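Asker: Okay, sequence plus prediction incoming.
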Amino acid sequence: MTYARSQHPNAPLTPVGRRRMVLCVIEQGWTVVATAERFQVDAKTVRKWRDRFLADGDLGLRDRSSRPKRSPNRTPGSMRRRVVRMRRKRRWGADHIAYEVGLAASTVQSILNRAGEGRLDQGDRATKVKPRRYQRERPGELIHVDIKKIAGIPDGGGWRSRGRGYPGEKATKASWAGYRYIHSALDDRSRVVYSEILDDEAGTTAADFWKRAAAWFGSIGITCERVITDNGGCYRSSDWHKACKTTNTTVKKTRPRRPQTNGKIERFHRILLEEWAYICPWNSETERHHAYNGFIHFYNHHRSHGSLKWATPTSTLKDNLPKEHT
C-alpha cells in the first residue's frame with residue numbers, strides 16, 4: 001500500500017514509518033518504551049499512533065487537520081462578505097475598510113487574501129477583468145506616443161526647495177513659470193524611448209516632434225510601422241496625420257477613456273515623475289531641463305525593467321534587431 005508524504009513540516013515519520021512503528025508494538029510485542037527508543041520519538045507519540053491505527057487502520061496514520069472544530073472568535077460570515085463587497089465596489093485598501101467596518105487592518109487583509117482580493121493591482125479598475133498583457137514581436141511594430149504636462153520651476157526654485165510661503169510664491173502672471181510639455185515616443189518591444197521637453201502641445205509641435213522621433217528611431221535600426229496615441233487634439237490634427245504619412249507610419253488611436261491601451265507610455269511618464277521630475281528640489285527649470293537628457297540616457301542604457309526580465313531597453317533592442325544593425 002502506498003502513502004502520500006506527511007504534510008506536517010515537523011513530522012519525524014511518514015505514514016509508512018508510523019506503520020512500521022506501531023506494528024513493532026502490535027505484532028512483534030515490543031514495549032512502547034523500547035519502540036520509542038528505536039524510532040527516536042517520545043513514548044506518547046508511539047501510543048498516539050498505535051491507538052489511531054487500532055481505531056482507523058491505515059487511514060489513522062495520516063496527518064489530521066490542525067484546524068479547530070470550532071472558532072468562536074472567527075469573524076462572522078456576514079462581516080467577511082461585507083469586507084469583500086466593499087473592496088470590489090470601492091477599491092479601498094485594508095486600512096480604509098478596517099476603519100469603516102471596525103476591524104483590525106490585519107484581519108481585513110486576511111479576509112481579502114482568502115477571497116482572492118488581496119491585491120489592488122489585480123484586474124482592471126473599471127471592469128474588474130484581469131488585464132491582457134501584450135508585447136510586440138519586433139522593434140518598430142508599434143510606437144507609443146503621448147504628452148506629459150508638468151509645471152515649470154521659477155528661477156531660484158519653487159516651494160519644494162524654499163518651503164511654503166516664500167516671497168513671490170503667489171506669483172503674478174508675468175513671473176509665472178508656466179508649464180512644460182514632455183513629448184515621448186516609446187517602442188513597444190524594447191521600451192527604448194525618444195523624448196523632448198517642448199513649450200506646447202499644438203498639432204504642429206507634435207508633428208515636428210514625430211518627424212524627429214522617427215528619424216532617431218531609424219538611426220538605431222527601428223522602422224516605425226505603426227504609432228498609437230490617445231485622442232488629444234494635436235493627434236487629431238491634419239499636421240499629425242501628414243507627418244505620420246511622411247514617415248510611412250500607420251496611425252492608430254486608443255479607445256476612448258481607456259488609457260490602459262497606451263499603458264506602456266503612461267508607465268514611462270510615471271517613472272519620469274518619480275525618478276526625474278520630483279527626485280530632488282530643482283533650483284530652476286534650466287537645471288531640471290539640463291538633467292533630463294542624462295536621465296533619458298540612463299533610462300535607455302542602464303535602467304533595468306522587470307517587464308524585460310530585468311534587461312535594459314538598449315540590450316533588448318540589440319537582441320531583437322537583425323545583425324546588420326547591432
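Answerer: That came in fine, so what should we check first?
Asker: CA only for contacts and neighbour counts going forward, please
Answerer: Fine.
Asker: For the stretch 151-300 of the chain, which segments count as strands?
Answerer: Counting by DSSP state E, counting those that start in this stretch, the segments of the stretch 151-300 of the chain that form strands are 179-187, 193-198, 226-229, 250-253.
Asker: list the helices and strands the longest one packs on?
Answerer: In this structure, strand 179-187 makes packing contacts with strand 143-151, strand 193-198, helix 203-219, helix 263-272, judged by 3 or more CA pairs under 8 Å, 6 or more residues apart in numbering; DSSP states H and E.
Asker: okay if I get the ones you listed as CSV plus mean neighbour count, distance to Thr250 and mean pLDDT?
Answerer: What follows is those, written out as CSV (neighbours: other CA atoms under 10 Å; distance: least, CA to CA, whole Å; pLDDT from 0 to 100):
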stretch, mean neighbour count, distance to Thr250, mean pLDDT
strand 143-151, 21, 10, 93
strand 193-198, 19, 18, 96
helix 203-219, 18, 12, 96
helix 263-272, 17, 18, 91
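Asker: Ok, which of the ones you listed comes nearest Trp30?
Answerer: helix 263-272 (70.3 Å; CA to CA).
Asker: what separates that closest one from the chain centre, distance-wise?
Answerer: Relative to its chain's centre, helix 263-272 lies at 12 Å (CA atoms, centre = their mean, to the nearest Å).
Asker: what does stretch 143-157 give?
Answerer: The answer for stretch 143-157 is 24 Å, by CA atoms, centre = their mean.
Asker: who's in contact with that stretch?
Answerer: 175-188, 201, 224-230, 262, 264-266, 269, 281-285 (CA atoms under 8 Å, 6 or more residues apart in numbering).
Asker: Please parse this structure into its domains.
Answerer: For the chain, the structural domains run 15-61, 76-132, 143-163+174-325, going by automatic domain parsing.
Asker: what pLDDT, on average, does stretch 40-52 get?
Answerer: When pLDDT is averaged over stretch 40-52, the result is 92.
Asker: buried stuff in it?
Answerer: Using 16 or more other CA atoms under 10 Å as the test for burial, stretch 40-52 gives 43, 46-47, 49-50, 52.
Asker: how far is it from where the chain is centred?
Answerer: 50 Å.
Asker: repeat for stretch 297-313
Answerer: Worked out by CA atoms, centre = their mean, stretch 297-313 lies 15 Å from the chain centre.
Asker: got the contact list for that stretch?
Answerer: 190-193, 314-316.
Asker: any idea which of those residues is closest to Gln28?
Answerer: Nearest to Gln28 among these: Thr316, at 68.6 Å, using CA to CA.
Asker: quick one: contacts for that closest one?
Answerer: 190, 308.
Asker: That one in helix, strand or coil?
Answerer: Following DSSP: H, G, I helix; E, B strand; the rest coil, Thr316 is assigned to helix.
Asker: Can you give me the distance of it to Trp310?
Answerer: 10 Å (CA to CA, to the nearest Å).
Asker: now swap in Arg50 and tell me
Answerer: Taken as CA to CA, the span from Arg50 to Trp310 is 55 Å.
Asker: same deal with Gly77?
Answerer: Between Gly77 and Trp310 the computed distance is 43 Å (CA to CA).
Asker: again with Arg189
Answerer: 14 Å.
Asker: which among the contacts of stretch 297-313 end up buried?
Answerer: For the contacts of stretch 297-313, buried by 16+ other CA under 10 Å: 190-193, 314-316.
Asker: low-confidence ranges in the stretch 51-200 of the chain?
Answerer: For the stretch 51-200 of the chain, the stretches flagged by pLDDT under 70 are 121-134, 155-177.
Asker: Which parts of it are helices?
Answerer: Along the stretch 51-200 of the chain, the segments classed as helices by DSSP state H, counting those that start in this stretch run 77-90, 94-101, 105-114, 159-162.
Asker: Kindly reformat these as JSON lines and extend each row with distance to Gly140 and mean neighbour count.
Answerer: Shown next, in JSON lines, are the helices of the stretch 51-200 of the chain (distance: least, CA to CA, whole Å; neighbours: other CA atoms under 10 Å):
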{"stretch": "helix 77-90", "distance to Gly140": "38", "mean neighbour count": "14"}
{"stretch": "helix 94-101", "distance to Gly140": "42", "mean neighbour count": "16"}
{"stretch": "helix 105-114", "distance to Gly140": "40", "mean neighbour count": "17"}
{"stretch": "helix 159-162", "distance to Gly140": "39", "mean neighbour count": "14"}
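Asker: now these in a markdown table, with distance to Phe295?
Answerer: Shown next, in a markdown table, are the helices of the stretch 51-200 of the chain (distance: least, CA to CA, whole Å):
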| stretch | distance to Phe295 |
| --- | --- |
| helix 77-90 | 37 |
| helix 94-101 | 36 |
| helix 105-114 | 38 |
| helix 159-162 | 20 |
